[in-house]
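Asks: Test case, fold it:
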Amino acid sequence: MKQFILWQIENAKSLPEKLKIIFLKFRDSIKIPLAHTRLPSNIAWLMSAIITFCDYACDKCLMSKQDADDFKTKAFETFNEIGTEQAKSANDEQPVEMFLTALREILMTNQKRIVDLNANPTYEAWETFNSIGFEDKQYYYLLCGETRSAVLDYYRRQNRTFPVSSKRLYRDMYNCGMLIRKDGESENTYTEKFCGMGVSVRIFKLTKRSVDFNVSGMKPLVTKQ
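Replies: Now for the predicted structure:
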């Protein structure tokens, strides 16, 4: 390691420009579907380090040029394979999809309920049936704290963690057209007082047609007489 550092000092004038060329070459050539935008840069930096070390090894007769070329090729292939697997894994567990998967399971197994506003529910019904939100014909109005707690518990029971904050989740759902903001407002959540419930609650609003589960067929909860 000492000799490698000394070699870099000896080549300090030429290395920065050379490293820049190597970095830009690999960064611009890496095309991994679904990858994070920083992944090509990360691989490019790794390749810059590999190539620099190979140049040192060749210069000191520690490695033949052919062996160095083979090593660089293998390193690039390996980094691409790892990057592709990482991108695929991240895509398989996108926060929005993870949220919907948990929510779907929670609702369809009746661990939690959604109150049908068309049934004019009472506040007592909402409390008694462990509800996490409301629905009408077009939208789900999900309670922020209760819904997140239910999702976190769902993954905790599987020894997994939910990867993002509520703020990031709401932003992602808004960006993909699922989450509807209150007219004229920029916040992704807002306080709403539902008719007959007697309390104001913090909710986020999702379009039913953008969510691939539907609990509208459930029997309504206790209604006003």
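
Asks: Domains in this structure, by residue range?
Replies: 2-92, 95-210 (automatic domain parsing).

Asks: which outside residues touch stretch 63-77?
Replies: With C-beta atoms under 8 Å, 6 or more residues apart in numbering as the test, stretch 63-77 has contacts from 26, 43, 46-47, 50-51, 54-55, 57-58. Quick note: C-beta positions are derived from backbone N, CA and C, even for glycine.

Asks: Which residues belonging to the longest helix along the chain are considered buried?
Replies: Among the segments of the chain that qualify as a helix by DSSP state H, the longest is helix 65-92. Residues 68, 71-72, 75-76, 79, 83, 86-87 are the ones in helix 65-92 that count as buried (16 or more other C-beta atoms under 10 Å).

Asks: Among the residues you listed, which one sits closest to K208?
Replies: Nearest to K208 out of those is A87 (C-beta to C-beta; 30.8 Å).

Asks: doesn't I30 make contact with that closest one?
Replies: No: counting by C-beta atoms under 8 Å, A87 does not reach I30; the two are 11.1 Å apart.

Asks: Which neighbours do those two have in common?
Replies: Common neighbours of A87 and I30, counting by C-beta under 8 Å, 6+ apart, are L39.

Asks: Roughly how far does E77 sit from A57?
Replies: Distance of E77 to A57, given as C-beta to C-beta, to the nearest Å: 19 Å.

Asks: quick one: low-confidence ranges for the chain?
Replies: For the chain, the stretches with pLDDT under 70 are 33-37, 88-93, 120-129, 195-199, 212-225.

Asks: Output the longest strand belonging to it.
Replies: strand 200-207 (DSSP state E).

Asks: buried ones in that one?
Replies: Neighbour counts over strand 200-207 (16+ other C-beta under 10 Å) mark 201, 203-206 as buried.

Asks: Next, give phi and psi for G177.
Replies: Main-chain torsions, G177, degrees, to the nearest 10: phi 80, psi 10.

Asks: for this structure, what spans make up the strands?
Replies: Going by DSSP E, the chain shows strands at 113-116, 131-135, 139-143, 179-180, 190-193, 200-207.

Asks: As JSON lines, those with distance to Q158 would be great.
Replies: Shown next, in JSON lines, are the strands of the chain (distance: least, C-beta to C-beta, whole Å):
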{"stretch": "strand 113-116", "distance to Q158": "22"}
{"stretch": "strand 131-135", "distance to Q158": "19"}
{"stretch": "strand 139-143", "distance to Q158": "21"}
{"stretch": "strand 179-180", "distance to Q158": "25"}
{"stretch": "strand 190-193", "distance to Q158": "31"}
{"stretch": "strand 200-207", "distance to Q158": "23"}
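
Asks: Run through the helices of this protein in chain order.
Replies: Here the chain has its helices, by DSSP H, at 2-10, 15-29, 39-59, 65-92, 95-108, 123-128, 144-156, 166-175.

Asks: Point out the other helices and strands that the last one packs with.
Replies: Contact here means 3 or more C-beta pairs under 8 Å, 6 or more residues apart in numbering; DSSP states H and E; on that basis helix 166-175 packs against helix 95-108, strand 200-207.

Asks: contacting residues around F162?
Replies: Applying C-beta under 8 Å, 6+ apart to F162 gives the contacts 95, 98-99, 102, 151-152, 155.

Asks: can you list the helices and strands packed on helix 166-175 in a markdown table and add distance to E187?
Replies: Listed next are the helices and strands packed on helix 166-175 as a markdown table, based on distance: least, C-beta to C-beta, whole Å:
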| stretch | distance to E187 |
| --- | --- |
| helix 95-108 | 18 |
| strand 200-207 | 10 |
